[in-house]
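Trainee: need the 3D shape of this:
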Amino acid sequence: MALLFDKVALITGASRGVGYAAAKKLCEKFPGATIYLTTKNMEITPAINQNMRDDFAGSAEHCEYLHLDVTNTDNIAEIQELIKTRHETLDILINNAGTFLKPDISSPEVYGQQATAIIGTNYWGLKNVMNGLQDIFT
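Mentor: A predicted model of the protein is given here:
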């Protein structure tokens, strides 16, 4: 397992739930790895990074939040460039970003908009991230 200590990981949808838990576990198991937690909905501030580091109990020295909207290819390109500049490559990708909306069947238009939003994140977002980062995968 020592092979993962100098690796770089990116976890989409890591502001809570499974993504946050995955980031916490990676930080605990591989304290020398650089872990980027991404979030679409949270404002990235020094306080949010400090709260994460406090919660990860000393194993988050190389962990950092980044803003990432998986439906925005320009934003993905920014993340790709940041990782390429800092590390050259990305070793681990946990593509966890997703959305769920309670179905609103009040009208076909509203329901269609919800379906488009869900597919845009859960399917196309995954493909966007894979395509946008493929040049830096090890």
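Trainee: for the helix or strand harbouring E28, packing partners?
Mentor: Secondary structure assignment for E28, by DSSP states H and E: helix 17-29. Applying 3 or more C-beta pairs under 8 Å, 6 or more residues apart in numbering; DSSP states H and E, we find helix 17-29 packed against strand 8-11, strand 34-39, strand 92-94. In this view, the C-beta of every residue, glycine as well, is placed from N, C-alpha and C.
Trainee: so for it, what gets flagged as buried?
Mentor: Going by neighbour count (16 or more other C-beta atoms under 10 Å), the buried part of helix 17-29 is G19, Y20, A22, A23, K24, L26, C27.
Trainee: what's the distance between it and the middle of its chain?
Mentor: 11 Å (C-alpha atoms, centre = their mean, to the nearest Å).
Trainee: return the helix or strand in this structure with minimum mean pLDDT.
Mentor: Least confident element among the helices and strands of the chain, by mean pLDDT, DSSP states H and E: helix 46-55 (a mean of 82).
Trainee: quick one: residues in contact with that helix.
Mentor: Helix 46-55 is contacted by residues A23, K24, L37, M42, A60, E61, C63, E64, Y65 when judged by C-beta atoms under 8 Å, 6 or more residues apart in numbering.
Trainee: buried sites along that helix?
Mentor: Under 16+ other C-beta under 10 Å, the buried positions of helix 46-55 are N49, M52, R53.
Trainee: with stretch 55-62 instead?
Mentor: F56, S59, A60, H62.
Trainee: out of everything not next to it in sequence, what's closest to the last one?
Mentor: Counting by C-beta to C-beta, 6 or more residues apart in numbering, T34 is the residue found nearest to H62 once chain neighbours are left out, at 4.4 Å.
Trainee: just checking, the one you found touches A9?
Mentor: Yes: T34 sits in contact with A9 when judged by C-beta atoms under 8 Å, with a separation of 7.1 Å.
Trainee: and the strand or helix carrying A77 with strand 34-39, angle?
Mentor: Using DSSP H and E, A77 falls within helix 73-87. Using axes from the mean of the first three to the mean of the last three C-alpha atoms, to 10 degrees, the inter-axis angle of helix 73-87 relative to strand 34-39 is 160 degrees.
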